[in-house]
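Enquirer: Predicted model and sequence follow; I will ask about them next.
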Amino acid sequence: MWGRKKKNAGEDFTPLKDAGGDSGPAAPSVPHLAPASHGPAAPSLKELVKMRILTDMIRGFPIDDMGAIILVDKMTVRILSSAYKMSELLEENIHLVENITNKDANGSYLQRQPMPTVTACYFVTPTVESINRMIADYKDKRSPMYNKCHIFLSGRLSDALLAKVKTSNLIKYVQTFKELNLEYVLQEDNCFLLDSPQSLPLLFAPEESAAAAESKRQEQHRLANMLVTLCATLGEKPHVRSDTRAVGTGLANTLQQKLEELARPGSSFPTRHLSDAERPTLLILDRSHDPMSPLLHEYTYQAMINDLLNVQDDRYKYSYTGNNNQVITKEVLLNDTDPLYKKLKHMHIAELSTHLHAEYKQFLESNKQSAALSKGQAGDMKAMTEGIKSMPKFQEETARYSLHIHVVGELLKKFTECHLEELSMLEQAMATGDDSAQKPYKTALADLRALLGRADLPTSPEDRIRLLMQFVISQDGIKQEQRRELMELAAISPEDQVGILNLFYLGVTLLQGTAVKKKKADKKKGADQGYDVSRYVPPLKRILEEAVAGSLSPADFPYVTPPREMGKQARAPSAGGEPGRLVVFVVGGLAYSELRVMHEVAKATGRDIIVGSTAMLTPQRFLIGLKNLKQLEVAGV
C-alpha cells in the first residue's frame, strides 16, 4: 500500500518507544548522530514567552481579591492562547478573557457584560480598531465598563494613537501603560508564526506601480518589527543571514537596520552581551527557495491531518455512534495540548495505525480494574476501589485513544478513496528525480499523461493542479503545446491555471528551454527515507544540518553584517564550543514537512533550533496564495 519500507542500516526504529520529548519522535529518515553535549537544555521559545507574559504583564500589576479580566483582540487572543491555558490563568486570579473585537453576523461588535468594579488588563495590538474599542469602554463617564485598567500593547503605538488615548476619558483610569513587544503566535514549543498569510501574495507579486512597491516595502517593515519582538523575547541580538533571493534579502536588510537602531547604547532593548561566536543566528529564507515541499502529499500524522481533513485553527469536528445508537458530534483540538497527539504527530501513517492499537491494548492491560468497571464488570472490593480512584484519568486517556484511532481511520479511508498511492508514486519520482529503484527518472510527461487520462482513477481538481505544478517545477518548465494538452486533459479551469502560471513569481521556469543553467544542489537521495511514497527530503533539512555544523556557505547564505571573526564563527559549532541558538524564518509560509525536519535535526544534533514563518502552509493555502498573485502575461507561455 505504501510501497516498500526501507530501513536505515543498523537502526531499529520503534516509533512509540522513541516518541517522547519536545522535539518529537525520530522519523525513519533520521541518521543516528550522537547529540552534542551543550550543558543544560535551553528553555523553549514557549517557555520564554510564558515567562514574559507572566512577569511583564500578569504579575506586572496588583490584582485584588476580586481578580481581574484580560481584554484581547483578534491577534492577541491567539498570542495569549498559544502560550497559556485558561486553567493556568485562573491560578493567577484572572477570571475571564474576552475579545473586544468580536463581531456578530451583521458586523456589529458583540455586547459584553459591564464589570465596573473589576480591574481590566488590556493586551491588544496597537491598531486603530483596538485603541478605539478600549476608548469606547470608558466613553460613558458615569458608568464605564470596568474599574481601573492596565494597558499592555503587543508592539509600538503610534504618536497619533497615543495622543488619542491621552485626550479620552480612558486616561483617567489607566494605571499601567506598557509596550510588551510580543507580536507572534506560538505554533509549537519552538515554532512561531507572524499570522500573516497575506505575505505570500503581497511580497512575491510584481512591482507594477509605485503603490505596489510601497505596499511591499510596508509589509517588509511590518514583518521586521514583529521579528524584532522575537529577538526581544530571546534577549539576544542575532547575526542575520539570508538566502540570495530578493524577498529574503530585503527582509534581512530591514531587520538588521531595526536591530542596530534598538541595540544602541542606552537603549532598553533586552539583550545579553555575547561574543560573536556565542550570538544566535537568524537565517531568513523565502518560499521561492523550495516551491515543491508545500505541494507534495506528506504521510506523517500532523501533515496528513492538515492536508486531508477539515481542520480550522487546530479544531476538528467529527461524529460517531454512541452506546444508544445516537450520533454524537464532537469538536476537539488537534495540537500539542493533547499529549498523545504531540507524541504521535511525526509518525508515518503506515506505522501509526498498528502501533496506536498496540499501545491502546497495553494501556488497557495496565488499567485492568478501571477497564473492568467501565464494562460493568465488578471485582473484589479492593479492585473496585482502585478502579474507581483511577476512573477519571482512565476515561480521559480512553477518549484520547478513541479520537486518534478514529482520525487515523479517516486518513486511511481518504488515502484509499483519493487514490493517493498512485499519485504519490508519481509525485515522489518527479520531486526526487529518481524512481523507486533509485534510477534516474525520465518518463515524467508520459506518466503524467497516463495518470490524468485514467478513467478508473478519479482525482480531485486540487490534486491535478498540484501534479501539474510539481511537473513544471521538476522539469524546469513545460513546452507550450504540452501545457495546453495537459491543462485540457486535467480539466483545469482558466482561473486555476493562473495559480500554475504564477509559480513564475517564485522563481520557477515556465517555458521549457528558457531556464538559466543553475547549479544543481546536492540532493539527498531517497533510498533510505522509509516508504516509497515518502522519499522526498525537504531542502530545509540540508540547510539546517549545514547551519548547525557551521558549514553553511557564506556565498549562498550571506551575513547582512559579517561577524568580526568570520572564521571562528564558522568553526564554532564543529569545534565543540557553546554554539548560539539557530532561528530560521521562512517568508511566505512553512510546510508541515519542514516543521517535521526541524524536529528531526534538533533531536539528532542536540541543538537549540527555532523555526518560524509568516504562516503555516497546507497545499490548499499554498494554491490560494499563488492564485492571489497577479495574472501572468509572458509572451509564448
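Expert: Received, thanks.

Enquirer: Surely Leu234 and Leu282 touch.
Expert: No. Using C-beta atoms under 8 Å, Leu234 is not in contact with Leu282; the gap is 9.3 Å. (Glycine included, C-beta is placed from N, CA and C.)

Enquirer: between the two, which one's more packed in?
Expert: Per other C-beta atoms under 10 Å, whichever of Leu234 and Leu282 has more neighbours is Leu282, with 28 against 19.

Enquirer: Which residue is the nearest non-sequential neighbour of that one?
Expert: With sequence-adjacent residues excluded and distances taken as C-beta to C-beta, 6 or more residues apart in numbering, Leu282 is closest to Pro238, at 4.0 Å.

Enquirer: returning to what we had before: if I look at Leu234 and Leu282, which residues touch both of them?
Expert: Residues within reach of Leu234 and of Leu282 at once, by C-beta atoms under 8 Å, 6 or more residues apart in numbering, are Val583.

Enquirer: ok so, going back, what does the pLDDT read for the residue nearest to Leu282?
Expert: With respect to pLDDT, Pro238 has a value of 92.

Enquirer: which ones are touching the residue nearest to Asn502 when sequence neighbours are not counted?
Expert: Excluding the flanking residues, the one nearest Asn502 by C-beta to C-beta, 6+ apart is Leu629, at 4.1 Å. Taking C-beta under 8 Å, 6+ apart, we find Leu629 in contact with Pro201, Phe204, Ala205, Val498, Asn502, Tyr505.

Enquirer: Now do the third one against Asp159, distance only.
Expert: Taking C-beta to C-beta, to the nearest Å as the criterion, Ala205 is separated from Asp159 by 31 Å.

Enquirer: Compare these two (neighbour count), which wins?
Expert: Neighbours per residue, other C-beta under 10 Å: of Ala205 and Asp159, the larger number sits with Ala205, 16 against 8.

Enquirer: Following whichever strand or helix holds Val472 in sequence, what is the next regular element?
Expert: For Val472, the host element (DSSP states H and E) is helix 461-474. With elements assigned by DSSP H and E, the helix or strand that comes after helix 461-474 is helix 480-489.

Enquirer: Which elements pack onto that next one?
Expert: Judged by 3 or more C-beta pairs under 8 Å, 6 or more residues apart in numbering; DSSP states H and E, the packing partners of helix 480-489 are helix 444-452, helix 461-474.

Enquirer: Quick one: distance of the shortest one to the chain centre.
Expert: When you say that, I think you mean helix 444-452. Relative to its parent chain, helix 444-452 has a centroid offset of 33 Å by C-alpha atoms, centre = their mean, to the nearest Å.

Enquirer: Next: stretch 189-198.
Expert: Offset of stretch 189-198 from its chain centre (C-alpha atoms, centre = their mean): 6 Å.

Enquirer: out of the helices and strands packed on helix 480-489, nearest to Ala42?
Expert: When these are compared by C-beta to C-beta, helix 461-474 sits nearest Ala42, at 36.8 Å.

Enquirer: What count of nearby residues applies to the spatially closest residue to Asp290 that is not a sequence neighbour?
Expert: Using C-beta to C-beta, 6+ apart and skipping the chain neighbours, the partner closest in space to Asp290 is Pro539 (4.8 Å). Neighbour count for Pro539, taken as other C-beta under 10 Å: 18.

Enquirer: for the stretch 201-350 of the chain, which spans come out with low pLDDT?
Expert: Regions of the stretch 201-350 of the chain meeting the criterion pLDDT under 70 cover residues 266-274.

Enquirer: Quick one: the helices in it, in order.
Expert: Here the stretch 201-350 of the chain has its helices, by DSSP state H, counting those that start in this stretch, at 210-234, 246-262, 301-308, 339-344, 349-365.

Enquirer: Now do the contacts for Thr55.
Expert: Residues in contact with Thr55 (C-beta under 8 Å, 6+ apart): none are found.

Enquirer: hang on, I meant Ser168
Expert: Counted by C-beta under 8 Å, 6+ apart, Ser168 has contacts Ile135, Tyr138, Lys139.

Enquirer: Adding secondary structure and distance to Glu298 as columns, could you present the residues you listed in JSON lines?
Expert: Shown next, in JSON lines, are these (DSSP: H, G, I helix; E, B strand; the rest coil; distance: C-beta to C-beta, whole Å):
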{"residue": "Ile135", "secondary structure": "helix", "distance to Glu298": "47"}
{"residue": "Tyr138", "secondary structure": "coil", "distance to Glu298": "50"}
{"residue": "Lys139", "secondary structure": "coil", "distance to Glu298": "51"}
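
Enquirer: are any of those buried, and which?
Expert: Taking 16 or more other C-beta atoms under 10 Å as the criterion, what is buried in the contacts of Ser168 is Ile135, Tyr138.

Enquirer: Closest one to Ala555 out of the contacts of Ser168, please.
Expert: For the contacts of Ser168, the nearest to Ala555 is Ile135 (52.7 Å; C-beta to C-beta).

Enquirer: Now the closest one: closest residue in space that isn't a chain neighbour?
Expert: Ser168 (4.5 Å).

Enquirer: which one's the longest helix in the protein?
Expert: helix 381-417 (DSSP state H).

Enquirer: Remind me what that one packs against, helices and strands.
Expert: So helix 381-417, by 3+ C-beta pairs under 8 Å, 6+ apart, packs with helix 301-308, strand 315-321, helix 339-344, helix 349-365, helix 368-374.

Enquirer: Tabulate the ones you listed in a markdown table, adding columns for distance to Met57 and mean neighbour count.
Expert: Shown next, in a markdown table, are the helices and strands packed on helix 381-417 (distance: least, C-beta to C-beta, whole Å; neighbours: other C-beta atoms under 10 Å):
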| stretch | distance to Met57 | mean neighbour count |
| --- | --- | --- |
| helix 301-308 | 31 | 22 |
| strand 315-321 | 26 | 13 |
| helix 339-344 | 26 | 19 |
| helix 349-365 | 39 | 16 |
| helix 368-374 | 41 | 18 |
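
Enquirer: Can you lay out those as CSV showing distance to Thr76?
Expert: Formatted as CSV, the helices and strands packed on helix 381-417 follow (distance: least, C-beta to C-beta, whole Å):
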stretch, distance to Thr76
helix 301-308, 24
strand 315-321, 19
helix 339-344, 25
helix 349-365, 35
helix 368-374, 41
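
Enquirer: Please report how far the nearest residue to Ala42 once chain neighbours are set aside lies from Phe471.
Expert: With C-beta to C-beta, 6+ apart as the criterion, Ala42 has its nearest non-adjacent residue at 4.5 Å, and that residue is Asp608. Distance of Asp608 to Phe471, computed by C-beta to C-beta: 39 Å.

Enquirer: and the nearest residue to Lys342 once chain neighbours are set aside, how far is that from Lys630?
Expert: Among residues not flanking Lys342 along the chain, Asp336 sits closest, at 4.5 Å (C-beta to C-beta, 6+ apart). As judged by C-beta to C-beta, Asp336 and Lys630 stand 38 Å apart.

Enquirer: Compare those two and say which one has the larger neighbour count.
Expert: Asp336 (21 against 13).

Enquirer: need the contact list for the more buried one.
Expert: Asp336 touches Glu188, Asp189, Lys342, Lys345, counting by C-beta under 8 Å, 6+ apart.

Enquirer: count of neighbours near the second one?
Expert: By the measure other C-beta under 10 Å, the count of residues near Asp189 is 18.
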